[in-house]
Every structure is written in C-alpha cells, then in structure tokens.
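Q: only geometry, no sequence info:
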C-alpha cells in the first residue's frame, strides 16, 4: 500500500515538471537554457526509474508472499497428515490409565487449537509480511506440538512393548511352574502308588476246601458238592512293615462254576471299587487286627455251593487282588 502511494506522488511530480518545462520553453526561446533542459530531462528519467523500481519491488514482494503462503500451505498439509497419524496411534492407548487419557486429550486439544489458528491465516486471500511471519511462527509451534505428541506415542509404544514382554515372561514362568507342579504331582502320585503297592499283603498258603462237620463238631474235608456244607478259605498274611498297624479289612469274593459272584446281602456281601475303578461284588469281608507280623486268617462261606464244578476265590485289599485259590467239587 505504501509503494502505491509513493508511485502516485512520483507520477504527479513527473507531470508537474513536464508542465513546468513546457511553460518555461514557451517563455524562454533562447539557446542559453539547454543545460537547464538537460538537467530537467535527467531528473525526469531518475523519477521514472525510481517509480519503475518501486513497482517492480512491490510485485516481487507480492510474489514472495504468495510463494511463502504456498510453501506454508504444503508444510501445513504435511504436518496435518502426520498429526492425524499420531492421534490415531494414541487412540490404542486410551482406556488403560485415567491420567494418561487426560494427558492425551489435552495434547490433542492444544494441537487442534493451533491447527484452527493456522487454517484461519491461510484462508485469507492476502497475507502481509507481518501476518506471514505470524503464520510461520504458528506453523513452527504446530510442528513442535506434533513432535511432542510423537514423543508421547514412542514412549507409550515402548512401555506397551515392555509390558507385553513382561506378560510373556510371566506367562512363560507360569507355564514352567505349572509344568513343574504337574511333574511333582506325577512324581507324588508315583510315590503314593509305590507306597500303596508296598502296603499290600502278599498272602501265602491260600487254600480252599469243601468241609462238613461231624456230630462231634469235628471238620472233615469233602470233595462232593452235595455233601459240602461250606467252603473253608485259609491263608497267611505274611509280614509287612510298610502297612501301618491297626484294623484291617480284606474282601473275599467267591465265584460259582459259572463265574458268577456268590453274593448274599444278609451274609455281609457288598460291593467294592477295584484299583481300575470298576465296581466289584464281594461275598464276605474279613476284619482283623493287623500288627505287621504274619497272621493266619480263616473265612467260611456256606451259601449257594450245591452245584458241582470249580469254585474260585479272590481276596482283595484296597481294590487290589492279593490272593487267589480254587477248589473242585464233584
């Protein structure tokens, strides 16, 4: 605007001197005034040159401002793209920490404020040198804020990676602990199994006989089913120092010639669980006091033994078969 005013003054001055020269030439026709004419013409040329220089300088200033504005617009667009990317990256960290969320939102709001200010400047049709400098300063601040935002993103990314590594390590440690626990559990089961098996009796001299009592009460051995009054099952426990002393129960299972368990409820028959988890019927339970030393046990069974054939006997302790025997009745 200042250049335009100066140019106007120069033009008016230029026409003023032209008019004065013409008036002077009309009133003074002598040849002695050539030097004056020449000086005036030179002065007019200088005035004209100054006017042209000012006009060209103003045009250049306008072009510089326009170029700077284009450059600022390009820089602003690039920074805006970067800022949008960083904001998107920050979104993944939201909701994990209230203080962190507040910091992220504050940073985003400040950047959006700077962004709106720059948009307003660049939207103007013409920018003065002062406004141009202000826009450049705002762009610089905008860039600094985005750099700060990027720093936050990098810090959060690093922290997130560290937490992920820690979680993976904890998961690995937990899996190792589980594996160790399972191994110990299996070892303990194995040891318990060994102790359990070590506690089993090894029955000795297990015999099964068909017997009949005489009138004097004496027992005699018979081999015919029709004359057999009961089966006499005899065995010795043997010694076992692993099995704790105390009351001990053994379960006697009598099987008829068809392979069926002879079971009579009112004679003490029932069921037990085998070591494999199978439910098994037993015929009679033998309870006795265990003192870790060899002991002779006798069990009688008198029900449903009239059929001829082989009668088998199995003796169970804690679900395991610890003795077997049989007798053939004709």
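A: Looks like it came in fine. On a predicted model such as this, the values are computed, not experimentally measured, just so you know. Numbering: from 1, shown residues only.
Q: How about the contacts made by residue 236?
A: Counting by CB atoms under 8 Å, 6 or more residues apart in numbering, residue 236 makes contact with 203, 204, 205, 294, 295, 296, 297. From N, CA and C alone the C-beta is placed, and that goes for glycine too.
Q: And the residues you listed, which is closest to residue 321?
A: Residue 321 has its nearest neighbour among the contacts of residue 236 in residue 203, at 9.6 Å by CB to CB.
Q: Please look at the closest one and residue 238 and confirm they touch.
A: Yes: assessed by CB atoms under 8 Å, residue 203 is found in contact with residue 238 at 7.0 Å.
Q: Could you check which of these two is surrounded by more residues?
A: Counted by other CB atoms under 10 Å, residue 203 and residue 238 do not tie: residue 203 has more neighbours, with 19 against 14.
Q: Going C-terminal from the strand or helix carrying residue 165, what's the next secondary structure element?
A: Assigned by DSSP states H and E, residue 165 belongs to helix 129-198. Of the helices and strands lying after helix 129-198 in sequence (DSSP H and E), the nearest is strand 204-213.
Q: Would you double-check that residue 231 falls in a strand?
A: Yes: Residue 231: assigned to a strand according to DSSP: H, G, I helix; E, B strand; the rest coil.
Q: give the contact list for it.
A: Counting by CB under 8 Å, 6+ apart, residue 231 touches 208, 209, 210, 211, 254, 300, 301, 302, 305, 311, 313, 327.
Q: Among these, pick out the one closest to residue 280, please.
A: Ranked by distance to residue 280 (CB to CB), these are led by residue 254 at 12.4 Å.
Q: which residues sit in contact with the closest one?
A: 231, 261, 262, 283, 284, 301, 305, 311, 312, 313.
Q: So which of these is the closest to residue 74?
A: Residue 74 has its nearest neighbour among the contacts of residue 254 in residue 261, at 97.4 Å by CB to CB.
Q: doesn't residue 279 make contact with the closest one?
A: No: taking contacts as CB under 8 Å, residue 261 lies outside contact range of residue 279: 11.3 Å.
Q: and these two? which has more neighbours close in?
A: Just comparing residue 261 and residue 279: by other CB under 10 Å the higher neighbour count belongs to residue 261, 16 against 8.
Q: Could you pull up phi and psi at that one?
A: phi -70, psi 130 (degrees, to the nearest 10).
Q: Of the contacts of residue 236, which qualify as buried by neighbour count?
A: Buried by 16 or more other CB atoms under 10 Å: 203, 295, 297, out of the contacts of residue 236.
Q: elements contacting the helix or strand containing the last one?
A: In the assignment (DSSP H and E), residue 297 maps to strand 296-301. Under the contact criterion of 3 or more CB pairs under 8 Å, 6 or more residues apart in numbering; DSSP states H and E, strand 296-301 touches strand 230-236, strand 246-255, strand 284-290.
Q: List the pairing partners of it within its sheet, with orientation.
A: The strands beside strand 296-301 in its sheet (DSSP bridges) come out as strand 230-236 (antiparallel).
Q: PyMOL command for the buried members of the contacts of residue 231?
A: To isolate the buried ones among the contacts of residue 231 in PyMOL, judged by 16+ other CB under 10 Å, type:
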select buried, resi 208+209+210+211+254+301+305+311+313+327
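Q: Using TSV, please lay out the contacts of residue 231 together with pLDDT and distance to residue 161.
A: Shown next, in TSV, are the contacts of residue 231 (pLDDT from 0 to 100; distance: CB to CB, whole Å):
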residue	pLDDT	distance to residue 161
208	95	76
209	94	82
210	94	84
211	93	85
254	95	73
300	95	79
301	94	76
302	91	81
305	91	80
311	95	77
313	95	72
327	94	79
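Q: would you turn the contacts of residue 231 into a markdown table with distance to residue 110?
A: Rendered in a markdown table, the data for the contacts of residue 231 read as follows (distance: CB to CB, whole Å):
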| residue | distance to residue 110 |
| --- | --- |
| 208 | 98 |
| 209 | 104 |
| 210 | 105 |
| 211 | 106 |
| 254 | 94 |
| 300 | 99 |
| 301 | 96 |
| 302 | 101 |
| 305 | 101 |
| 311 | 98 |
| 313 | 94 |
| 327 | 101 |
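Q: Closest to residue 244 out of the contacts of residue 231?
A: Of the contacts of residue 231, the one sitting nearest to residue 244 (CB to CB) turns out to be residue 313, at 26.4 Å.
Q: Spatially nearest residue to residue 111 (excluding sequence neighbours)?
A: residue 145 (4.9 Å; CB to CB, 6 or more residues apart in numbering).
Q: contacting residues around that neighbour?
A: Residue 145 neighbours (CB under 8 Å, 6+ apart): 107, 110, 111, 114.
Q: that's a helix at the last one, yeah?
A: Spelled out, that is residue 114. Yes: residue state for residue 114 (three-state DSSP) corresponds to a helix.
Q: Pretty sure it sits against residue 140.
A: No: counting by CB under 8 Å, residue 114 sits too far from residue 140 to count as a contact (10.2 Å).
Q: okay, the two: which has more neighbours?
A: Set side by side, residue 114 and residue 140 show more neighbours around residue 114, with 20 against 11, by other CB under 10 Å.
Q: So that one versus residue 151, what's the distance?
A: Distance of residue 114 to residue 151, computed by CB to CB, to the nearest Å: 17 Å.
Q: Brilliant, that's me finished.
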